[in-house]
Each structure stands twice: as C-alpha cells, then as structure tokens.
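**Student:** Sequence and computational prediction follow.
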Amino acid sequence: MTKRYWWILITYLLTQFSIVLGAPLLLKLGIPLEQIPGIWSLVGFSLGLLIILLLLLPEITNRHLDRNRSSKGDAVKWSILGVFMVFGAQYAAALIEMFLLGIEPGSDNTAEIVEMAKAFPAFIVVIAIIGPILEEIVFRMIIFGALYKRFNFWIAGFISSVIFAAVHFDFTHLFVYTAMGFVFAFLYVKTKRILVPIIAHVAINLFVAVVNVLLADKMEEWMEQLEQLEQMSIIIIRGIL
C-alpha cells in the first residue's frame, strides 16, 4: 500500500471522529443540538472527500492507461445490475438473520441516520452521495484492493466487508452489511472501475433516504389507507358470507 493510500485511510478516520471537535464549536455558535451531527457531517465529510480526491489525482489522471478496465457499456450494465444485486444480497441476508439467527429486521444505525436527516435535510447529501463515494474508495479500492493482491477474492472480500460492516457500528446486522460489501467488491473486481460499486452504493443509499426521510409521512398515510381498505374488505366479505 502506497503512502498516499495510508494518508487516505488516516483522512477517513479523522473525518469519522472529527465530530468530537466540531460539536463543541457548533454549540458555541448556537446551533440546535439535534442539527449538529448532520451539519458537521456535511462539512467534515465534504472536506474529507476533497482531500481524498486530491490524494487520488494520479489514479484519476492515469485511469485511461488501465487496459484491464471494462468498457463504458459494460460499466453501465454492471452499475444497473449491481443495484439489484445489492438489494438481493441485503434481502437474503436479512431473511437469514430473521429465520436462522432470530434477529428482528430494522437497523438502529439506519434509524439514527434517518433522525439526523430529518433534523437537517441537507444531510441526505452525505447519506446518498458523499458517504458511499468515501466508503467505496476506502473499503473497496484501498483495503480490498490491497488484500486482493495477496489473497483470493473470498478472503479479501470477507476481511474488507467485515471491516466495512463494523465501521457502521450496527453489530446486530453485521451479516447484512458484510453481504453488501461482498457485492460491492465483486462489482469492483468484475469491472476494474471503482465508479461501478460507487453508483450501486449511491443508488441503494438514495433509495433508503428517499423512502425513510422524504416520503416518510406519505408512507404512513399510505399504510393507514391500506389498513382501512383491508378493514373494509373484511366487512364486505363478512356481509357477503
């Protein structure tokens, strides 16, 4: 692993824990407590991404020299297919957790992130765009990439995916995050383009953000209407019988 990659990892870690320094500063500025995590995350993660992209300038500039990369057409195909693959892996892992491990669905990590987004809606930019880009660069391009040079796909994928899962601090659903990490790693290996797992990751997170934040009130209304329709159907059926 090059020195630049080590600096990228250090930058990512500093970004993750920068809230320790940022929170007191925002409190002094009179920012409401519930908005502080979202505001600082937007500032800190944006700055972290900028620094990391600057450190990756040699790779970005010379990416056209890599003859092993998939064509643009294949990249588009795998980006779209990758979204469904991640959804499938996530759903399958959740079923295994529920029926074999007795773990109830629902993520505390996701719930906390949703509350942060409701308090500061611009935080959705971090959830859906900045976060996935950072995570794919760090966990797939750097950590998985370094391991893949020494081990086979399964070992490299497992180690990097478990680290990816652990960083989300949702250990109850470690299996779900690990399964997702494997799919992202596969997309990276298949296409040799980090942009492909980034697109799939962005799509997944954007879907979660839209459903749980932007459409949360609408979803509640739809559920209430559905319950009303079910009750009416039962009444009608009983009347007929």
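**Tutor:** Yep, that arrived. Numbers count the residues shown, from 1 in each chain.
**Student:** Can you pull out the low-pLDDT segments for this protein?
**Tutor:** Within the chain, the segments meeting pLDDT under 70 span 64-65, 214-241.
**Student:** That one: strands as residue ranges?
**Tutor:** Listed in chain order, the chain contains no strands at all (DSSP state E).
**Student:** Sketch out the helices for it, chain order is fine.
**Tutor:** 3-17, 19-28, 36-55, 57-61, 72-99, 108-119, 124-125, 131-135, 145-148, 153-167, 174-191, 195-209, 216-240 (DSSP state H).
**Student:** Kindly reformat the ones you listed as JSON lines containing mean neighbour count.
**Tutor:** Glycine gets a C-beta too; all of them are placed from N, C-alpha and C. Putting the helices of the chain into JSON lines (neighbours: other CB atoms under 10 Å) gives the following:
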{"stretch": "helix 3-17", "mean neighbour count": "15"}
{"stretch": "helix 19-28", "mean neighbour count": "13"}
{"stretch": "helix 36-55", "mean neighbour count": "18"}
{"stretch": "helix 57-61", "mean neighbour count": "11"}
{"stretch": "helix 72-99", "mean neighbour count": "16"}
{"stretch": "helix 108-119", "mean neighbour count": "17"}
{"stretch": "helix 124-125", "mean neighbour count": "20"}
{"stretch": "helix 131-135", "mean neighbour count": "20"}
{"stretch": "helix 145-148", "mean neighbour count": "18"}
{"stretch": "helix 153-167", "mean neighbour count": "18"}
{"stretch": "helix 174-191", "mean neighbour count": "22"}
{"stretch": "helix 195-209", "mean neighbour count": "21"}
{"stretch": "helix 216-240", "mean neighbour count": "10"}
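**Student:** Could you list which residues are in contact with the spatially closest residue to residue 98 that is not a sequence neighbour?
**Tutor:** Closest residue to residue 98 apart from its sequence neighbours, by CB to CB, 6 or more residues apart in numbering: residue 105 at 6.0 Å. Residues in contact with residue 105, defined by CB atoms under 8 Å, 6 or more residues apart in numbering, are 94, 97, 98.
**Student:** do the same with residue 144
**Tutor:** So residue 144 contacts 156, 157, 160, 185, 188 (CB under 8 Å, 6+ apart).
**Student:** can we see that at 6 Å?
**Tutor:** 156, 160, 185 (CB atoms under 6 Å, 6 or more residues apart in numbering).
**Student:** quick one: contacts for the second one?
**Tutor:** With CB under 6 Å, 6+ apart as the criterion, the residues that contact residue 160 are 139, 143, 144, 147.
**Student:** possible to save those residues as CSV with distance to residue 32?
**Tutor:** As requested, the contacts of residue 160 are arranged in CSV below (distance: CB to CB, whole Å):
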residue, distance to residue 32
139, 33
143, 36
144, 39
147, 42
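**Student:** Not counting residues beside it along the chain, what's closest to residue 120?
**Tutor:** Distances taken as CB to CB, 6+ apart place residue 38 nearest to residue 120, at 3.1 Å, with adjacent residues excluded.
**Student:** Cheers, nothing more for now.
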